[in-house]
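K.L.:
only geometry, no sequence info:
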């Protein structure tokens, strides 16, 4: 692996940063560390582990710190309180020093032995490789079924047909992921977000283990939030790169309705009839709406011009490539499957 | 001067910021002495930063006398009145201590007890006073409990006396939380949301000091402050989730009404032109779209500036 990838001038900089958000994972942290280290040392990759302690109330930080004192490759970022998964990811991405970033869950359900396959995929020229838990070890009714529906929906709406948006095991080129705007609870939509900045996305199969320690922190209750976020993402994707024309399109039907009603009023005036107040009033309202929307578009355009996401073009992803050629050690995992 | 028993020499320097606004004692000498004694008794070495908020000549003269007698008193004069939040911010810029105290320029709390706020810093990052038996006249108390109830509903944080001007906190709190407008009152809430440990300390009210009467107009400004905090806490996270939902609901209501009107026009031949309800429908549809557009602009601002808006605070980085 080392030989294939060009050496960096600064020899200390790791090639790979594994970013792991941790929230009350005191039992998992030890096994997790060893799993990552043994997998990556076997693959002979120069790596670092960036753990984010997301305001755990248990011994997570103390145990991680004890390990970090013996291994400088383990970097820990401790939050002052619990902020949630997306801020933890953002902090990890910010503190990571590698050229390639891998994110994974801290609950041992992802398997670090899959990481080399991700690196191979990035080598092929992709910017973002997403894991697909094709044999997911969770309850069907409360976890798998909702997520299957959600994935279909997310794929259809965002135009980035990923089979498994919920899989935390993902790999990115650092310069790509550091450009992706992430906030609030947007980590679920990283592929869609990344596609806005023109990233090329691939998907590979990964192992998935049942939970060994602790309890799952996420359940069904968040479905409705995901739906609203999806609407947000969709609107953002379509409007963020050219706000004025987006708002202009929205203003068009309003202007048509307003002009129509006002025209009708004018015609009935010319015809000697009486004016209908409700119709004339509606005409004025809709015309005003069209003007306000154009104004909104102008403001949004200003926001875009001063913002940090200067999208050169909106990447239009028509398909996600699922790998056909597997690296030898991960052959069992990567069956080819085309995705239509 | 007070060459006190340096028993607790390892306590850090405490900067006491005293904003001198419209409510103040004209002669600050006795109050300063009372604060000073209380702090010295705990072995605290204070420095005093007085911020005169606006043109107040009488109190300025008394403070100049005070600073002639003590070399640990500094006076900052603002050209015009900017309000307490700005006065505190300016005072903080001149404060050199590791720990900061803010104290009122009038006898809002018993001066002899203020050192208890410092004691609380052993376990907290910010300590705010809670006046017992409760602030002011009965009308004020009703208003105050309503205010704190609302604040809790909006922010989810329970405090009992946000208007108390006696606070003590670590330097990091104010370095991290910019306050302006009327936000000094919400410093405990904002601090807790940034992950700081905040605690309330019970302080007694001085006896024989007339409580402030019911001031007309204050509830209105408090409500606007609450609105500000609401937007700081809720809106800045997900504008589209908030405004988008309201907008969609209003739009849907208008849409249903419109469908009904059009249906009646087509099926029962009720003339649209005669129906004032048409105006209402249009208004709802227009309002819905506008609200959604507002939310979208807010969301776009956050989305396009996400890399400058840090949502988290890091306490420690290892390696």
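P.N.:
Yes, it's here. All of these numbers come straight from a predicted model, not from anything done at the bench.

K.L.:
when you work out contacts or count neighbours from here on, use the C-alpha atoms and nothing else.
P.N.:
Will do.

K.L.:
pull up the per-residue confidence for the residue nearest to residue A:144 when sequence neighbours are not counted.
P.N.:
Spatially, and ignoring its direct neighbours in sequence, residue A:144 is nearest to residue A:138 (6.6 Å; CA to CA, 6 or more residues apart in numbering or on different chains). At residue A:138, the model reports a pLDDT of 73.

K.L.:
part of a strand, is residue A:138?
P.N.:
No - going by DSSP: H, G, I helix; E, B strand; the rest coil, the assignment for residue A:138 is coil, not a strand.

K.L.:
what's it sitting at in phi/psi?
P.N.:
Listed backbone geometry of residue A:138 is phi -140, psi 170, with angles given as degrees, to the nearest 10.

K.L.:
for the residue in the stretch 1-150 of chain B positioned nearest to chain A, the count of nearby residues, please.
P.N.:
The minimum distance from the stretch 1-150 of chain B to chain A, using CA to the nearest CA, falls at residue B:125 (11.7 Å). When neighbours are counted by other CA atoms under 10 Å in any protein chain shown, residue B:125 registers 22.

K.L.:
now swap in residue B:17 and tell me
P.N.:
Burial of residue B:17, expressed as a neighbour count using other CA under 10 Å, amounts to 30.

K.L.:
now do residue A:140
P.N.:
The tally of other residues near residue A:140 (other CA under 10 Å) stands at 12.

K.L.:
the residue of the stretch 1-150 of chain B closest to chain A contacts residue B:195, correct?
P.N.:
No - look at residue B:125 against residue B:195 with CA atoms under 8 Å: they stay out of range, at 9.6 Å.

K.L.:
could you find the closest non-adjacent residue to residue A:96?
P.N.:
Once flanking residues are discounted, residue A:96 sits nearest to residue A:17: 5.8 Å by CA to CA, 6+ apart.

K.L.:
distance of that neighbour from residue A:120?
P.N.:
Between residue A:17 and residue A:120 the distance is 15 Å, computed by CA to CA, to the nearest Å.

K.L.:
please apply the same query to residue B:172.
P.N.:
Note on residue B:172: its distance to residue A:120, by CA to CA, is 45 Å.

K.L.:
surely residue A:65 touches residue B:318?
P.N.:
Yes - using CA under 8 Å as the test, residue A:65 is close enough to residue B:318 to be in contact (7.2 Å).

K.L.:
the more surrounded of these two?
P.N.:
Set side by side, residue A:65 and residue B:318 show more neighbours around residue A:65, with 18 against 15, by other CA under 10 Å.

K.L.:
just the buried residues of the stretch of helix or strand the more buried one belongs to, please?
P.N.:
Of the helices and strands defined by DSSP states H and E, residue A:65 is found in helix A:60-68. Of all the residues in helix A:60-68, those buried under the rule 16 or more other CA atoms under 10 Å in any protein chain shown are A:60, A:61, A:64, A:65, A:67, A:68.

K.L.:
mean confidence for it?
P.N.:
If you average the pLDDT values across helix A:60-68, you get 93.

K.L.:
can you name the element that comes right after it?
P.N.:
Tracing the chain past helix A:60-68, the next element assigned as helix or strand by DSSP H and E is strand A:74-79.

K.L.:
distance of the residue nearest to the spatial centre of chain A relative to chain B?
P.N.:
The centroid of chain A falls nearest to residue A:190 when counting by CA atoms, centre = their mean (1.1 Å). For residue A:190, the distance to chain B (CA to the nearest CA, to the nearest Å) stands at 13 Å.

K.L.:
picking that back up, mind giving me a markdown table with the buried residues of helix A:60-68 and columns for distance to chain B?
P.N.:
As requested, the buried residues of helix A:60-68 are arranged in a markdown table below (distance: CA to the nearest CA, whole Å):
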| residue | distance to chain B |
| --- | --- |
| A:60 | 13 |
| A:61 | 10 |
| A:64 | 9 |
| A:65 | 7 |
| A:67 | 11 |
| A:68 | 7 |
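
K.L.:
and of those, the nearest to residue B:28?
P.N.:
Out of the buried residues of helix A:60-68, the one with the shortest distance to residue B:28 is residue A:61. That distance is 48.6 Å, counting by CA to CA.

K.L.:
quick one: that closest one and residue A:80 touch, right?
P.N.:
No - at 11.5 Å, residue A:61 does not count as touching residue A:80 under the criterion of CA under 8 Å.

K.L.:
which residues touch stretch A:295-308?
P.N.:
A:240-248, A:310, B:293-294, B:297, B:300-301, B:304-305, B:307 (CA atoms under 8 Å, 6 or more residues apart in numbering or on different chains).

K.L.:
switch the cut-off to 6 Å
P.N.:
Outside stretch A:295-308, the residues within contact range by CA atoms under 6 Å, 6 or more residues apart in numbering or on different chains are A:243, A:244, A:247, B:297, B:301, B:304, B:305.

K.L.:
what does chain B put close to chain A?
P.N.:
B:195, B:273, B:276, B:278-279, B:282, B:297, B:301, B:304-306, B:313-319 (CA under 6 Å from any CA of the partner chain).

K.L.:
mind checking which of those are in helices?
P.N.:
Counting by DSSP state H, the part of these found in helices is B:276, B:278, B:279, B:282, B:297, B:301, B:304.

K.L.:
check contacts around the closest residue to the first one other than its chain neighbours.
P.N.:
Nearest-residue entry for residue B:276: residue A:278, 5.4 Å, with adjacent residues in sequence omitted and distances by CA to CA, 6+ apart. Taking CA under 6 Å, 6+ apart as the contact definition, residue A:278 lies against B:276, B:278, B:279.

K.L.:
how about residues contacting the helix holding residue A:65?
P.N.:
Among residues not part of helix A:60-68, those counted as contacts by CA under 6 Å, 6+ apart are A:24, A:25, A:26, A:74.

K.L.:
tally of neighbours for residue B:80?
P.N.:
Under the neighbour criterion other CA under 10 Å, residue B:80 is assigned a count of 11.

K.L.:
please disregard the earlier target; I meant residue B:69.
P.N.:
Here the neighbour count serves as a burial measure; for residue B:69 (other CA under 10 Å) it reads 11.

K.L.:
swap in residue B:220?
P.N.:
Counted by other CA under 10 Å, the residues lying close to residue B:220 total 10.

K.L.:
any idea how far the residue of the stretch 1-150 of chain B closest to chain A is from residue B:271?
P.N.:
Residue B:125 sits 68 Å away from residue B:271, going by CA to CA.

K.L.:
please, which helix or strand holds residue A:283?
P.N.:
Short version, using DSSP H and E: residue A:283 is in helix A:277-306.

K.L.:
chain center to that helix: distance?
P.N.:
Distance, stretch centre to chain centre, for helix A:277-306: 32 Å (CA atoms, centre = their mean, to the nearest Å).

K.L.:
ok, now stretch A:32-42?
P.N.:
In terms of CA atoms, centre = their mean, the centre of stretch A:32-42 is found 25 Å from the chain centre.

K.L.:
sweet, I'm off.
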